[in-house]
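Need coordinates for the following:
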Amino acid sequence: MGQGKFGSKLGITTSHRKAMLRTMVTSFLKYEKIQTTETKAKELRKVAEKMVTLGKRGDLHARRQAAAVVREREMVGKLFGELSERYKDRTGGYTRIVKMGYRAGDNAPMSIIEFVDYAGAAQVKKTATEKKQTEKKPAEKKTAEKKTAEKKPAEKKPTAKKTTAKKAVEKEAAEKKPVEKKPARKKTAEKKPAEPQS
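This is a model prediction of the structure:
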């Protein structure tokens, strides 16, 4: 009797697939957003959501189970600290997959997988608004420039670069001497054929 298939084999061996998913889930917990192919993202989602559920459980056995999958100790700490607090009221669906089009080389469908409450997007918006506030308007810039010009009288001093450039040009001109042309070689007089002796 045929049994239902669980997930995709991804065209690689079992040991390779397990190692790859362990590395991917560690990176996912670290950066909270990664770009990969659509099939890998769907497989990663299963593992990542199990890890968050273990983090919410929070006991020693759950910590050991998570440490068997996640490769970095710091990420296990983040899983049982920050992420478990963030998703304590959510019963599931901690991640989202966003399709990103197709890869240029092999036309594979690409996706971004990220946590639902990903803080990076909010930080990007926040920094963009801060930049806008700190930037001055053109009129304000002009008035600020006028004030600084009024405070300091404009004194132009010859720069060292210009003087050195002039000196270099003068030196080259002095060094150049008119090229003496060598006189052309005189053609040797053609020898007259010797007269035969009688």
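
going forward, measure contacts between C-alpha atoms and count neighbours the same way
Noted.

just for this protein, where's the confidence low?
Regions of the chain meeting the criterion pLDDT under 70 cover residues 1, 120-166, 169, 173-174, 176-198.

Could you list the alpha-carbon positions for the helix ranked longest in the chain in CSV?
Identified as the longest helix of the chain according to DSSP state H is helix 38-57. Output of helix 38-57 as CSV, limited to C-alpha atoms (Å, rounded to 0.1, in the frame of the first residue of the first chain):
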residue,chain,number,x,y,z
GLU,A,38,10.8,28.3,-3.5
THR,A,39,11.1,24.5,-2.8
LYS,A,40,13.9,25.0,-0.3
ALA,A,41,11.9,27.7,1.5
LYS,A,42,8.9,25.4,1.9
GLU,A,43,11.1,22.7,3.4
LEU,A,44,12.8,25.2,5.6
ARG,A,45,9.5,26.5,6.9
LYS,A,46,8.6,23.1,8.4
VAL,A,47,11.9,22.9,10.3
ALA,A,48,11.9,26.6,11.4
GLU,A,49,8.3,26.5,12.8
LYS,A,50,9.1,23.3,14.8
MET,A,51,12.1,25.2,16.3
VAL,A,52,10.0,28.1,17.4
THR,A,53,7.5,25.7,18.9
LEU,A,54,10.3,24.1,20.9
GLY,A,55,11.5,27.6,22.0
LYS,A,56,8.0,28.4,23.3
ARG,A,57,7.9,25.1,25.2
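
next helix or strand past it?
Next in sequence after helix 38-57, counting helices and strands by DSSP states H and E, comes helix 60-67.

Please enumerate residues in contact with that next one?
Outside helix 60-67, the residues within contact range by CA atoms under 8 Å, 6 or more residues apart in numbering are 51, 54, 55, 73, 76, 80.
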